[in-house]
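K.L.:
Just to be clear, the model below is a prediction. Sequence and coordinates:
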Amino acid sequence: MRKRVLWRLWLSGWLLIGLATGPAAAETSPALRALMESFLAEHPAAQAAQADLERAEAEARALGQALYNPELEFEYEDATDITKSVGVSQTLDWNGKRRVRDRASGESMRAASAALAAARQELLAELLEKLSGVKVTADVARLSKRRVVLLNEFVTLAKRRYAAGDVGQSDVDLAHLALSEASMQSATLLSDAAEAESRLAALFQPATFTWPPLPVLPLDVSAFDNKALLERHPVLRRAAAEAAAAKANVSIAQRDSRPDPTLGLHGGREDDDTLVRLTVSIPLFVRNTYRAEVDAANAEALRAQQVYRSKLRRARGELQAAAKRYQATRSALHDWENSGQHRLRGRIALLKQLWEAGEVGTIDYLVQLQQTLDTQIAATTLRAAVWEAWIRWLSASGQIEYWLGTQTDTAS
């Protein structure tokens, strides 16, 4: 019981640190939170990681038990005299083997808990990526359909003005060519949107096609403490716990190389005499000194420590790169939303008026209309790049669960 309480306190400590130094939690809609929770609940990878954690907890309970069980012995001898005796023997954990095994099991539990958090984070990153992809492809397809509608209207106007003698046949032909090109592009983009939708729907069993809105992205990530973020990253916590468990296994191997004594107490009768016998036995580790096991444990501990250091070095570089990428793309999107976006409002209607008034030629109108719509599509693509950079930063910082509000005790 005391071990379970300490374990919960350890998890709560990580959660409190996360609240102090992590990014502000997103205002996720109940629909989005329900979608993510159902996704995590049914995904095989998350279920496998949960089962691994339950296995580690069961092994920790097993290692918390006594290392040796007592032995009950009965003896009967029918010779010149009849001898009957009963006794009990117990091997003593003289070298504290149970204690070091208990410490190693705690590290294994922490590693399994971090592995579960890492699996959930990876799955949520995939879900966010596909959700943002569906939104972006749908927005681009919507803009392409709008282009087709506008060019359809332009063809109708061009024919009307041609009938009135205001424009020539070449203008009508250009309008038809532009409409044909826009229709082909729209068909391709609609196909891309349908494919993105099907990839997202394939993640759910049964499939669903109602996708909730995504949260608003923060403007800045430069204020976060990278060192604190990496210390709480589930992948690094898992590597650190595995290194600690490997180090504890060295102590286990060392203790296993030391013999434990066995005490025995027997009582009985030999004819009319009462017998009492006390025995002490100690195994002799002569033919096998268990030194090879200690050397192997030392090598594994060194390997696990170097794996942790390698992952930490790589994670530090990935976090810095992800932060720079997000800052660059988010800043560009912010500038567009505050300065460039409003300049496009009403531009299409103005171009139409200028063309109808004869102040802009057909070619110029089509070029400027194309530029206007391409700019809107580029802005949508930029939003996709911002989302991709944000998901990468969340993965690099280990903050997906906290930002989305789906963290649990085992995924703090």
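P.N.:
Okay, I see it. Numbers count the residues shown, from 1 in each chain.
K.L.:
where along the stretch 51-200 of the chain do the strands fall?
P.N.:
For the stretch 51-200 of the chain, applying DSSP state E, counting those that start in this stretch gives strands covering 71-78, 82-91.
K.L.:
Run me through the strand neighbours of the longest one, direction for each.
P.N.:
What that stands for is strand 82-91. strand 71-78 (antiparallel), strand 262-270 (antiparallel) (DSSP bridges).
K.L.:
ok, residues contacting the longest one?
P.N.:
Applying Cβ atoms under 8 Å, 6 or more residues apart in numbering, the set of residues contacting strand 262-270 from outside is 73, 75, 81-92, 274-282. C-beta: built from backbone N, CA, C; applies to glycine.
K.L.:
Mean neighbour count, the strands of the stretch 51-200 of the chain: which tops it?
P.N.:
strand 82-91 (a mean of 15; mean count of other Cβ atoms under 10 Å).
K.L.:
Return the distance of it from the chain's centre.
P.N.:
Relative to its parent chain, strand 82-91 has a centroid offset of 58 Å by Cα atoms, centre = their mean, to the nearest Å.
K.L.:
which ones are touching N249?
P.N.:
104, 297, 300-301.
K.L.:
neighbours around the nearest residue to R347 once chain neighbours are set aside, how many?
P.N.:
Excluding the flanking residues, the one nearest R347 by Cβ to Cβ, 6 or more residues apart in numbering is T372, at 5.4 Å. When counting by other Cβ atoms under 10 Å, one arrives at 18 neighbours for T372.
K.L.:
And T372, how close does it get to Y365?
P.N.:
11 Å (Cβ to Cβ, to the nearest Å).
K.L.:
and for those two, which residues touch both?
P.N.:
With contacts defined as Cβ under 8 Å, 6+ apart, the residues shared by T372 and Y365 are L351.
K.L.:
so who does the residue most central in space within the chain touch?
P.N.:
Centroid-nearest residue in the chain, with Cα atoms, centre = their mean: Q121, separated by 1.6 Å. For Q121, the contact set (Cβ under 8 Å, 6+ apart) comprises 234, 394-395, 398, 400-401, 411.
K.L.:
C-terminal to the lowest-mean-pLDDT helix or strand in the chain, which secondary structure element comes first?
P.N.:
Scoring the helices and strands of the chain by mean pLDDT, DSSP states H and E places helix 2-21 at the bottom, with a mean of 41. The first helix or strand that comes after helix 2-21 along the chain, using DSSP states H and E, is helix 30-42.
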